[in-house]
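**Q** please find the sequence and the predicted model below.
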Amino acid sequence: MKEAKRRTINLSLFSGSISELMHPPAGQIPFLDGMRSIAVLLVIGYHLSGQFVAAHGSNLFARLPFVADGWMGVDLFFVLSGFFIGGQLWKELRDHETIDIGRFVLRRGFRIWPLYFFTFICILTYDLVVGHSASAHQYGWTDLIFISNYHDRGLVMGGWSLCTEEQFYVVTPIVLFFCSRHVRSIRDYRPWLWAIFGSVLLLRALVWIHIAGNFFQHNPRLQVQLYENSATHCDGLIIGLIIANLWITRDRVNSKIANPGILVAAGGCPGCS
């Protein structure tokens, strides 16, 4: 009897997992999952094109629009993150009029930290054994506290984007927590969000002019100072927050008309933001 009961429990767990896979949770927006998949493919294609060009020179694959412009996948990721995280924060503000900072940060952290730190340990172990870059990067301490986009660039290649998002996950709930004491409604945050968005664009323009001299000249330092710096490349995250704010405060009668997927797709287009 105990063995039969154990098998029943195991089968129910297995069927439950399959059921969850086949039937997404309530409130999940399939279009946004598709946008996230597109962002992944854009980033993978972009990095693959770099390897192709390095090995074989310019070729047809590297010149394909969705490959050469694959860097836009990161911006799309930022808009999606701003929308998803913003949705959680605006809902909490709407329902409780405050933000539980510790709970929010830990909840986000446990979705990212286990896999991220496992990857970091693997890279660190490899560098220590092979002896390539661990000493030069001081063993990646900037990766551990998510500031490699500002200092040392760390050991995890491409980790700057995750650092930008982690900083966003910490700063945003703290700011909203203190603002909730003075801002009456969620709608009242919008002018401030648009002001921050405009400030990011202005700062990026000023840094560009300072480094390159003018808007029509490119400088290799721009990638580090603009693209990998959260202060000058968080506009996608802010747009995602704005879209989430519009979505949470939408008119319930006309809720079917407003499609967040279209808004997120527009926000993820660099020409639109």
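**A** Arrived safely, thanks for sending. Numbers count the residues shown, from 1 in each chain.
**Q** could you use CA atoms for every contact and neighbour count after this?
**A** Will do.
**Q** tell me the mean pLDDT over stretch 218-234?
**A** For stretch 218-234, mean pLDDT is 84.
**Q** which other residues reach it?
**A** 78, 149-150, 160-161, 164, 200-201, 203-204, 207-208, 211-212 (C-alpha atoms under 8 Å, 6 or more residues apart in numbering).
**Q** Gly34: neighbour count?
**A** Counted with other C-alpha atoms under 10 Å, the neighbours of Gly34 add up to 12.
**Q** quick check: next helix or strand after the helix or strand that contains Ile85?
**A** In this structure, Ile85 is located in helix 72-96 according to DSSP states H and E. Using DSSP H and E, the helix or strand that directly follows helix 72-96 along the chain is helix 101-130.
**Q** so which of the contacts of stretch 218-234 are in helices?
**A** Phe78, Trp160, Ser161, Thr164, Val200, Leu201, Leu203, Arg204, Val207, Trp208, Ile211, Ala212 (DSSP state H).
**Q** and the helix holding Ile85, how far out from the chain middle?
**A** Relative to its chain's centre, helix 72-96 lies at 9 Å (C-alpha atoms, centre = their mean, to the nearest Å).
**Q** let's check: the centremost residue of the protein is which one?
**A** Residue closest to the average C-alpha location in the chain (C-alpha atoms, centre = their mean): Phe78, at 4.0 Å.
**Q** tell me the phi and psi of Asn219?
**A** The phi and psi values for Asn219, taken as degrees, to the nearest 10, are phi -140, psi 130.
**Q** ugh, wrong one, I meant His233
**A** Main-chain dihedrals, His233, degrees, to the nearest 10: phi -140, psi 40.
**Q** got the CA coordinates for stretch 151-162 in PDB?
**A** Taking C-alpha atoms only, stretch 151-162 is exported to PDB below (Å, rounded to 0.1, in the frame of the first residue of the first chain):
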ATOM      1  CA  HIS A 151      34.500  48.700 -12.700                       C
ATOM      2  CA  ASP A 152      36.900  46.000 -13.900                       C
ATOM      3  CA  ARG A 153      34.300  44.500 -16.300                       C
ATOM      4  CA  GLY A 154      34.500  41.200 -14.200                       C
ATOM      5  CA  LEU A 155      35.000  37.700 -15.300                       C
ATOM      6  CA  VAL A 156      31.500  36.900 -16.700                       C
ATOM      7  CA  MET A 157      31.500  38.000 -20.300                       C
ATOM      8  CA  GLY A 158      28.400  40.100 -20.900                       C
ATOM      9  CA  GLY A 159      27.600  40.300 -17.200                       C
ATOM     10  CA  TRP A 160      27.200  44.100 -17.500                       C
ATOM     11  CA  SER A 161      23.600  43.700 -18.700                       C
ATOM     12  CA  LEU A 162      22.700  41.600 -15.600                       C
END
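**Q** flag every buried residue along that stretch.
**A** For stretch 151-162, a neighbour-count test (16 or more other C-alpha atoms under 10 Å) marks Arg153, Gly154, Leu155, Val156, Gly159, Trp160, Ser161, Leu162 as buried.
**Q** same check, this time on stretch 198-218
**A** Across stretch 198-218, burial judged by 16+ other C-alpha under 10 Å covers Val200, Leu201, Arg204, Val207, Trp208, Ile211.
**Q** domain-wise, how is this protein divided?
**A** For the chain, the domain assignment from automatic domain parsing gives the residue ranges 31-70, 73-95+185-273, 99-179.
**Q** pretty sure Val156 contacts Cys122?
**A** No - Val156 is not in contact with Cys122 according to C-alpha atoms under 8 Å; the separation is 10.0 Å.
**Q** sorry, back to before: what's the farthest-apart pair in the buried residues of stretch 198-218?
**A** Val200 and Ile211 (16.5 Å; C-alpha to C-alpha).
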